[in-house]
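Q: Let me see the structure of the following:
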Amino acid sequence: MEILTLLDPSTVDPTASHSTDNSGLTPALVSAAMAGTNPIGMSLLMRRVCGTVEADTGILRLQLIVIREAKRLKWKYERSDTLKLLTDLCIWEYTNSAICGKCDGSGVIVHEDQVTRSECRKCKGSGYAQNGATLRSNWLDVSRNTYYKTWEKRRAHISELFNEMLPEYEYAAGKHIKYRLRRVVESGT
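A: You can find the predicted model right below:
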């Protein structure tokens, strides 16, 4: 059971005082279980599971990490909100990985006539759809030329940084919530 779907207001009545699926879990219990969770992990779970896009404490902390990294690497940029947009883009790409339509997420193309396999060119073997430069440059509100010259390397750097650190935050938040909910259910409250 995906317990976090209880957080999605489109699927439950947040004022309900009882469980509608006999699991004993209510939105209030899930909200209580979220208390004490690391904000970054909680923000990622909320975005991935519920599709929320509001900036919260976790997202603001990630923006601060990106700003510090930009200062450390001495990036020059014209507008202060571009780094916030870059953070949002990298978070969106991290939490919304769509499966590649050409290889159906396998990362390889099977050539039946030759009985061989080759890496999918569309997703570059990752199995996930690649977002194009047009989408990214529009997101950052810069020209495609500026995106290629300046922001593509920066986006790749931040995405790599996020891909290294964010899974740990997300896993810890999910584990925390499941542990606290399990204790509530076991206690019979």
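Q: Where is the longest helix in this structure?
A: Counting by DSSP state H, the longest helix found in the chain is helix 152-187.
Q: buried set for that helix?
A: Residues of helix 152-187 classed as buried: 154-155, 157-159, 162, 166, 169-170, 173-174, 176-177, 180-181, 184 (neighbour count, 16 or more other Cβ atoms under 10 Å). From N, CA and C alone the C-beta is placed, and that goes for glycine too.
Q: Looking at those, which one is closest to Arg117?
A: Lowest distance from Arg117 to those (Cβ to Cβ) belongs to Ser159, with 26.9 Å.
Q: Wait, that closest one touches Ile91, no?
A: No - assessed by Cβ atoms under 8 Å, Ser159 is found out of contact with Ile91, at 9.7 Å.
Q: Arg117 reaches Cys103, doesn't it?
A: No - Arg117 is not in contact with Cys103 according to Cβ under 8 Å; the separation is 10.0 Å.
Q: can you list residues touching both of those two?
A: Ile109 (Cβ atoms under 8 Å, 6 or more residues apart in numbering).
Q: Please identify which of these two sits among more neighbours.
A: Under the criterion of other Cβ atoms under 10 Å, the comparison of Arg117 against Cys103 puts Cys103 first, with 21 against 12.
Q: what secondary structure does the more buried one sit in?
A: Secondary structure, DSSP: H, G, I helix; E, B strand; the rest coil: Cys103 is coil.
Q: OK, contacts around it?
A: With Cβ under 8 Å, 6+ apart, Cys103 has these contacts: Ile109, Cys120, Lys122, Cys123, Gly127.
Q: Name the nearest of those relative to Leu44.
A: Distances from Leu44 to the contacts of Cys103, taken by Cβ to Cβ, are shortest for Gly127, at 20.1 Å.
Q: List the contacts of that closest one.
A: Counted by Cβ under 8 Å, 6+ apart, Gly127 has contacts Ile99, Cys100, Cys103, Gly105, Ser106, Gly107, Cys120.
Q: ok, which stretches of this structure are strands?
A: Using DSSP state E, the strands of the chain run over 108-111, 116-119.
Q: Fine, thanks again, bye for now.
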